[in-house]
Structures are given as C-alpha cells and as structure tokens.
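Student: got a structure for you, letters missing:
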C-alpha cells in the first residue's frame, strides 16, 4: 500500500485557495483556509462549505439488503422508508463499536452506507463477511462519489438558488432526495456534523469542481466561506457529537457512550453483538459505567484527549476524550467519560490534570450549543 495520501476531486481547488493541508485517514484534506475561528463562526452565523469526499460510501442493494443491514448493524434499517436516513452503528461480536454510520435508504432495495474515512475499509469487509447468507450485493462506491457539505443558517437559501427551492423546503432532517443542483445530478441529504441546519451533496467526482464554484458564487451574498477539518471538529464538539477514535472506540459499547437508543433489540432475527449488547444494557442500569459528560472551565488552559479527570481528593475519576477552545462560548470545553458519581450536571469538585496542574472544571449537560429552531 502506498504511503502517499489520496486526494479528493477538489484538491486543486483547496490548494488554489491557499488551504493548509493535512494527512487525515489516508487522505490529503484541508485543515483550514485561514482563521479556523472565522470559519467556525461563519457556520454558526451564516454558511460554510466543506469537502467531505474522504468519507466512505458503501452501496448495499438487492432483495435481501434490508435484512442484511438488520443483521450486520445495531439498528432496524428495514423500518427506514425510502428517502429517509438513520444514524446507527456497526459493532463487533463483543459489543465494541467498529464505527458509527449514517445509512440512507434510496429505494426499497437500495441503501447507501456512509462510514468514517478511517474505518471505511473494515466496515466494507465486515458487511461483506456478514452478508454472505443474504441475497444482496455489498459494493465499494468510494470512487463513485465526491461529497460536499453546505452548513449554517443560510445553507437552505444558498442551495435554493441552485435547485428547486420547493423540493428543498419539504426535505426533512435525515431525509434525502435526488435533484439537480446547478444543472448537475446530486443526492441531496439534510444531514450534517456541525449542529446547524445544512445539507450534504453526493455527486460524481467530475461534478465536484463545478458544484463548488456554483455554491461559492451563490453564497457570496451570505458570506459563505470554505471550511476545513479544524473548525468541523470544534463545531461538532460544541454540538456534543461523538467522534470515532475519541468518544467512540472498540472498547466502548453504544450504552457506554450514552447512545443505547440506537440499538434495537425488538427487530426480527439475530444481529451481530446482540448478546454482548444485552449485557451492556443491563450493566448500564445496575452498574452504570463511566458517563459521557461535558466539562467547562473559566481558565484559558485547554483540556485535551487523554488528560485525567480528578476528584477533589486527587483520585482519577475519568478521562477527557475531546477538548478545544470554544469560539461560541469563549472558553475551553471538553467531553469526558467520568464515574457516574461525578456525572451530574452542576457537579463541582472535579478538575482536569493539564500538564501536572489540576485545573477546576464544572460538569455540564451535553450539548454545549444547540441552535435555535
């Protein structure tokens, strides 16, 4: 395997815009174009444009596609209607999370599974392995798509200038439709990872540059700016959205992460990890594991992933999973797993060990930020 990172169909555009590029999950991706704070604030207050073409698209088609996904994933995908999407997870037999996913049902026998870039190959392999007994095809479609996200309060207005605004207005959250955007065929999904309203546009790679240019022009009046991975991380952190490798890992179950609601025990047939997840659900009630919480502090020092969370007596009662300065709140924030006894919002007496200094923090409910409807 080559050590050279892959490039997206928009690589030349990013470099022409002066983006700072970084290697991420085997891809060369824009980290920022200028100020990541300005990019973050543009998404919160106006609209931002993201290249997400590193994400992993996997097609699952055929008469047995829904049954395969019910067996392979923790959710009940057979209950999803065409044109809708579902957030779900794929777990190992022991209950640990292999990845969190969004699955779009495009037609009765056609699903699009979108995996995180770093996990796409193993999700593909797991679906193929788990699908041998089903009348369905699992196809690697990563090269068939580029993915562009338009996120922010002005996103609908920008996109509405380039497509049928009536169809867009009727598109619900976690729904998708096939449309023409700037004259290009696109799967438009009302999904995102920023805490704002927005859309993700699945298109052919050769259409990515024309679409990016059309969106940039259409959004100029609203202050649209290109956005990189750095602000995407602070946006999702403020919105309390988990990141694989941080809040979600093979060592955590959906119940450990406070996301047990995605596990559907009432679906027909067995599914991979069921027995282990039933035990995890019971433990979550009888012997609660560490709980995922928010942490805030008034000091400027930033808690980072891996830093210990301490009780008043200095004992370790948790660990930070993600942390960053919050452009919206104006102070550092973090997500952390902490012992249940220290997990109630408003709990004082906890601190984060930041390079040898116990910095006081307050436990708060997630998310840190919720957009006004």
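Tutor: Nice, thanks for sending it over. Please read these numbers as outputs of a predicted model, since none were measured by experiment.
Student: what residues are up against the nearest residue to residue 80 once chain neighbours are set aside?
Tutor: Spatial nearest neighbour of residue 80, chain neighbours left out: residue 105 (4.5 Å); criterion: CB to CB, 6 or more residues apart in numbering. Where C-beta positions appear, they are placed from N, C-alpha and C, glycine not excepted. Applying CB atoms under 8 Å, 6 or more residues apart in numbering, one finds that residue 105 lies in contact with 77, 80-86, 111.
Student: list the helices and strands the least confident helix or strand in the chain by mean pLDDT packs on?
Tutor: Sorted by mean pLDDT, DSSP states H and E, the helices and strands of the chain end with helix 165-169, the least confident at a mean of 90. Contact partners of helix 165-169 among helices and strands, from 3 or more CB pairs under 8 Å, 6 or more residues apart in numbering; DSSP states H and E: helix 155-160, strand 176-181.
Student: Would you mind giving the ones you listed as CSV with distance to residue 125, mean neighbour count and mean pLDDT added?
Tutor: Written out in CSV, the entries for these read as follows (distance: least, CB to CB, whole Å; neighbours: other CB atoms under 10 Å; pLDDT from 0 to 100):
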stretch, distance to residue 125, mean neighbour count, mean pLDDT
helix 155-160, 35, 22, 98
strand 176-181, 26, 18, 97
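Student: Ok, which of the ones you listed comes nearest residue 53?
Tutor: Nearest to residue 53, of all the helices and strands packed on helix 165-169, is strand 176-181, at 15.7 Å by CB to CB.
Student: What helices and strands are in contact with that closest one?
Tutor: Under the contact criterion of 3+ CB pairs under 8 Å, 6+ apart, strand 176-181 touches helix 165-169, strand 184-189.
Student: Which among those is found nearest to residue 19?
Tutor: Each of the helices and strands packed on strand 176-181 was scored for nearness to residue 19 using CB to CB, and the closest is strand 184-189 (22.9 Å).
Student: The closest one: how far from the chain's middle?
Tutor: In terms of CA atoms, centre = their mean, to the nearest Å, the gap separating the centre of strand 184-189 from the centre of its chain is 20 Å.
Student: Give me the contacts around the least confident helix or strand of the chain.
Tutor: The list of residues contacting helix 165-169 from outside it, by CB under 8 Å, 6+ apart, reads 156, 159-160, 177, 179, 188.
Student: can you tell me how far the residue nearest to residue 80 sits from residue 213?
Tutor: Counting by CB to CB, to the nearest Å, the gap between residue 105 and residue 213 amounts to 31 Å.
Student: Same check on residue 139?
Tutor: Relative to residue 213, and taking CB to CB, residue 139 is found at 30 Å.
Student: of the two, who's got more company?
Tutor: Neighbour comparison, residue 139 and residue 213: the larger count goes to residue 139, with 15 against 12 (by other CB atoms under 10 Å).
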